[in-house]
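Engineer: below: sequence and its predicted model.
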Number of protein chains: 2
Amino acid sequence: MDIKDYKELVHSTLEGYFAVEIEKANYDKTIWEAMQYTTLLGGKRLRAMFCLESCRVFSGSYEQALPCACAIEMLHAQSLIHDDLPCMDNDDLRRGKPSNHKVYGEAMAVLAGDALISFGAQTIIEKTPAFVDTKVLLEVVNLYLKSAGAFGIVAGQCADIEAEKNIEKVDYEHLEYIHTYKTAALFECAILSGAMLGGANKMQLDLMKEFSYNFGLAFQAYDDILDVISNTAELGKTAGKDEKENKATFVTLFGLDYAKEKFSELILNCHDILKKAEINSDVFLQILKDMRERVS
Amino acid sequence: MDIKDYKELVHSTLEGYFAVEIEKANYDKTIWEAMQYTTLLGGKRLRAMFCLESCRVFSGSYEQALPCACAIEMLHAQSLIHDDLPCMDNDDLRRGKPSNHKVYGEAMAVLAGDALISFGAQTIIEKTPAFVDTKVLLEVVNLYLKSAGAFGIVAGQCADIEAEKNIEKVDYEHLEYIHTYKTAALFECAILSGAMLGGANKMQLDLMKEFSYNFGLAFQAYDDILDVISNTAELGKTAGKDEKENKATFVTLFGLDYAKEKFSELILNCHDILKKAEINSDVFLQILKDMRERVS
């Protein structure tokens, strides 16, 4: 499977999951449509891909990780929906389309996000093949829940809101905290759950955790850089927002050159860890290469 | 354990859970405080009580259900936080205190709700005693997730929002749908998870499910009646809102007398089911009696 195959597989699997529920829905059809809308908007499906490929490199097959990979995309969509709300980042545009609350209204967008959190976790529990050990399944669900809430994305969001109040006082430690939780946590969830479902051992999991951390920060630096060097059409979301909105990013706090240097350093670390873990994956390498090319 | 003992136990256990996390928190302390605020505001702890007592009647002990009972109170708090948001019911008051977004702001309130969903599920996974079978634990977590999202509370919320758009067309079936998901689902989660953790058999679970449905609708009728016959100070939330805001309730759609009749009928069903299930519980009987007295 290459990047394109994985992406199509994840999209069609998600489509299938939602089609079943929309077909069954009654007075609550709108909520399923709202949940589906943002989840199926597309995107690179990087998190799902990491989950599937992480499983494959340890077991030779990606299949037992497919429900989990889809769940992580739901969780990612959830964070985007709530992030775009007027009381949060107030963004009308997501992946070049109207954001969820612009289509379904704010109340429905809040609820759609809520429902995606639990539907994702349910998907892991109900759709993961029965041959997966119940204890491993429980660990994967717990990791998903940890990433979803105040030990993961929400911790990062909170630290981000606190930073905005007094942007002058934000130091590197605070910025790293934001990025570790807001961004790296979900990559960690994707990569580790894939590895766990693939049967990775303790040492392999530790290395994959290190990889996730470095990749997560690199991805955030990449995102911060693109916000400055790209336009809205290229991004599919409003460009140049970080500085306008007093966001703490590698670029706004330390400048574009620093962000690019940091990005290169982190990507290098990723390569080193892959070597150390003896992971042979064209998909991992391709993802790193694509990011390097877009930034340079 | 009587009602008062259970209530105190749940409160102090929740306090303990949050104290640990607030102590450990860093740049994300506010989110934990916001999560704690609404969860510890109080209330009758009916759902937790049902969970604990349901476990006790089938196994003689409530202890293995304590983390789950606390988790369900977190989920209940989550639904209240998001329900009170300006884009939802826009209520400034909850249990006689400023609602979550009035204290922490809208963004933090959205995030606190999100984080409570996953923290609750994590609490079940991490804090339930190790002697509980992993498969039962996974079923309980799945039931919690089902109740939290678009198969539970969120389905009811969505059906409720749809009803408001065209209140004249809402029939009994639609109203029952709203109440079944918005209210009964969480009672069902509490009662069934307690029973499952207590080792109830299939027939017992079926009866408890029937009880939950009848109790859930009775509780909603009770809530609808109190909205009309009580004042804001007695309720701890804004009274008389249902009619003003075009809410579909037993009272607004079918009148106060009908609502009272329906309430009595459902409470009678609850008693019948308890007898049929041979459940001997002073706590269950006390809860039903307290409700009857307050409404009459």
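Structural biologist: Received, thanks. It should be emphasised that the depicted structure is a prediction, and the values quoted were computed from it without experimental measurement.
Engineer: alpha carbons only for contacts and neighbour counts from here, please
Structural biologist: OK.
Engineer: ok, and what's touching stretch A:148-166?
Structural biologist: Outside stretch A:148-166, the residues within contact range by CA atoms under 8 Å, 6 or more residues apart in numbering or on different chains are A:75, A:79, A:117, A:146-147, A:169-170, A:174, A:177-183, A:185-186, A:246-248, B:27-28, B:30-32, B:108, B:111, B:114-119.
Engineer: just the C-alphas of that stretch, formatted as CSV.
Structural biologist: Taking Å, rounded to 0.1, in the frame of the first residue of the first chain, the C-alpha atoms of stretch A:148-166 are listed here in CSV:
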residue,chain,number,x,y,z
ALA,A,148,-8.8,13.2,23.0
GLY,A,149,-9.0,15.0,26.3
ALA,A,150,-7.2,16.9,29.0
PHE,A,151,-4.1,14.6,28.8
GLY,A,152,-3.9,15.3,25.0
ILE,A,153,-5.5,17.7,22.5
VAL,A,154,-7.5,19.6,25.1
ALA,A,155,-4.5,20.2,27.4
GLY,A,156,-2.8,21.7,24.4
GLN,A,157,-5.8,23.9,23.5
CYS,A,158,-6.0,25.1,27.1
ALA,A,159,-2.3,26.0,27.2
ASP,A,160,-2.8,27.8,23.9
ILE,A,161,-5.6,29.9,25.2
GLU,A,162,-3.6,30.7,28.3
ALA,A,163,-0.7,31.8,26.0
GLU,A,164,-2.8,34.1,24.0
LYS,A,165,-3.6,36.1,27.1
ASN,A,166,0.0,37.1,27.5
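Engineer: phi and psi next, for A:Gly236.
Structural biologist: For A:Gly236, the backbone dihedrals (degrees, to the nearest 10) come out as phi 80, psi 0.
Engineer: do the same with the one 3 residues further on
Structural biologist: Note on A:Ala239: backbone dihedrals following degrees, to the nearest 10 are phi -80, psi 160.
Engineer: and it, how far from chain B?
Structural biologist: Going from A:Ala239 to chain B by CA to the nearest CA, to the nearest Å gives 22 Å.
Engineer: from B:Asp5, how far off is that residue?
Structural biologist: A:Ala239 sits 56 Å away from B:Asp5, taking CA to CA, to the nearest Å as the criterion.
Engineer: more crowded one of the two?
Structural biologist: A:Ala239 (18 against 11; other CA atoms under 10 Å in any protein chain shown).
Engineer: out of everything not next to it in sequence, what's closest to that one?
Structural biologist: Ranked by CA to CA, 6 or more residues apart in numbering or on different chains and with sequence neighbours excluded, the top spatial neighbour of A:Ala239 is A:Thr232, at 4.7 Å.
Engineer: surely that neighbour touches A:Lys241?
Structural biologist: No - between A:Thr232 and A:Lys241 there is no contact, the gap being 9.9 Å when judged by CA atoms under 8 Å.
Engineer: interface residues of chain A facing chain B?
Structural biologist: With CA under 8 Å from any CA of the partner chain as the criterion, chain A comes near chain B at residues A:27-28, A:30-32, A:82, A:87-88, A:106-108, A:110-111, A:114-119, A:121-122, A:125, A:134-135, A:138, A:142, A:145-146, A:148-150, A:154-159, A:162, A:174, A:177.
Engineer: so among the residues you listed, which ones count as buried?
Structural biologist: A:27-28, A:30-32, A:82, A:87-88, A:106-108, A:110-111, A:114-119, A:121-122, A:125, A:138, A:142, A:145-146, A:148-150, A:154-159, A:162, A:174, A:177 (16 or more other CA atoms under 10 Å in any protein chain shown).
Engineer: looking at those, which are in helices?
Structural biologist: Members of these lying in helices (criterion: DSSP state H): A:30-32, A:82, A:106-108, A:110-111, A:114-119, A:121-122, A:125, A:138, A:142, A:145-146, A:148, A:154-159, A:162, A:174, A:177.
Engineer: could you tell me the end-to-end distance of stretch A:55-73?
Structural biologist: 16 Å.
Engineer: how about it: buried residues?
Structural biologist: Neighbour-count burial for stretch A:55-73 flags A:55-59, A:62-73 (criterion: 16+ other CA under 10 Å).
Engineer: show me what that stretch is in contact with.
Structural biologist: Stretch A:55-73 is contacted by residues A:10, A:13-14, A:39, A:45, A:47-49, A:51-54, A:119-121, A:123-124, A:127-129, A:132, A:144, A:186, A:189-190, A:193-200, A:279-281 when judged by CA under 8 Å, 6+ apart.
Engineer: which of these are buried, as a ChimeraX select command?
Structural biologist: Restricted to buried positions by 16+ other CA under 10 Å, the ChimeraX selection for the contacts of stretch A:55-73 reads:
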select /A:10,13,14,39,45,47,48,49,51,52,53,54,119,120,121,123,124,128,144,186,189,190,193,194,195,196,197,198,199,200,279
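Engineer: can you list which of the contacts of stretch A:55-73 are found in helices?
Structural biologist: Filtering these for helices - DSSP H - leaves A:10, A:13-14, A:39, A:47-49, A:51-54, A:119-121, A:123-124, A:127, A:144, A:186, A:189-190, A:193-197.
Engineer: burial of A:Lys289, as a residue count?
Structural biologist: Using other CA under 10 Å, A:Lys289 has 12 other residues around it.
Engineer: backbone torsions only: list them for it.
Structural biologist: The main-chain torsion angles of A:Lys289 are listed as degrees, to the nearest 10 and equal phi -70, psi -40.
Engineer: please apply the same query to A:Ile279.
Structural biologist: When read as degrees, to the nearest 10, the backbone of A:Ile279 gives phi -100, psi 120.
Engineer: what helix or strand is the nearest residue to it once chain neighbours are set aside on?
Structural biologist: In space, and not counting its chain neighbours, A:Ile279 is closest to A:Val57: 6.8 Å by CA to CA, 6+ apart. For A:Val57, the host element (DSSP states H and E) is helix A:46-59.
Engineer: show me the shaky parts of chain A.
Structural biologist: For chain A, applying pLDDT under 70 flags no range at all.
Engineer: following element in sequence after the longest helix seen in it, please.
Structural biologist: As assigned by DSSP H, the longest helix anywhere in chain A is helix A:202-229. The helix or strand immediately downstream of helix A:202-229 is helix A:232-235, counting by DSSP H and E.
Engineer: what's in contact with the helix or strand just after that following helix?
Structural biologist: Next helix or strand after helix A:232-235 toward the C-terminus (DSSP H and E): helix A:241-244. Here helix A:241-244 makes contact (CA under 8 Å, 6+ apart) with A:224, A:227, A:248-249, A:252.
Engineer: most surrounded residue in those?
Structural biologist: Most surrounded of the contacts of helix A:241-244: other CA under 10 Å gives A:Ala248, at 27 neighbours.
Engineer: tell me how many other residues surround the nearest residue to A:Val251 once chain neighbours are set aside.
Structural biologist: The shortest distance from A:Val251 to any residue other than its chain neighbours is 5.6 Å, reached at A:Ala259 (CA to CA, 6+ apart). Residues within reach of A:Ala259, counting by other CA under 10 Å, total 22.
Engineer: need the contact list for A:Ala259.
Structural biologist: By CA under 8 Å, 6+ apart, the neighbours of A:Ala259 are A:221, A:224-225, A:250-251.
Engineer: can you pull the phi/psi pair for A:Leu93?
Structural biologist: Note on A:Leu93: backbone dihedrals following degrees, to the nearest 10 are phi -130, psi 140.
Engineer: which residues does it bridge with?
Structural biologist: Beta-bridge pairing of A:Leu93 under DSSP bridges involves A:Pro98.
Engineer: show me the contacts for it.
Structural biologist: If you count contacts by CA under 8 Å, 6+ apart, A:Leu93 has them with A:99, A:236-238.
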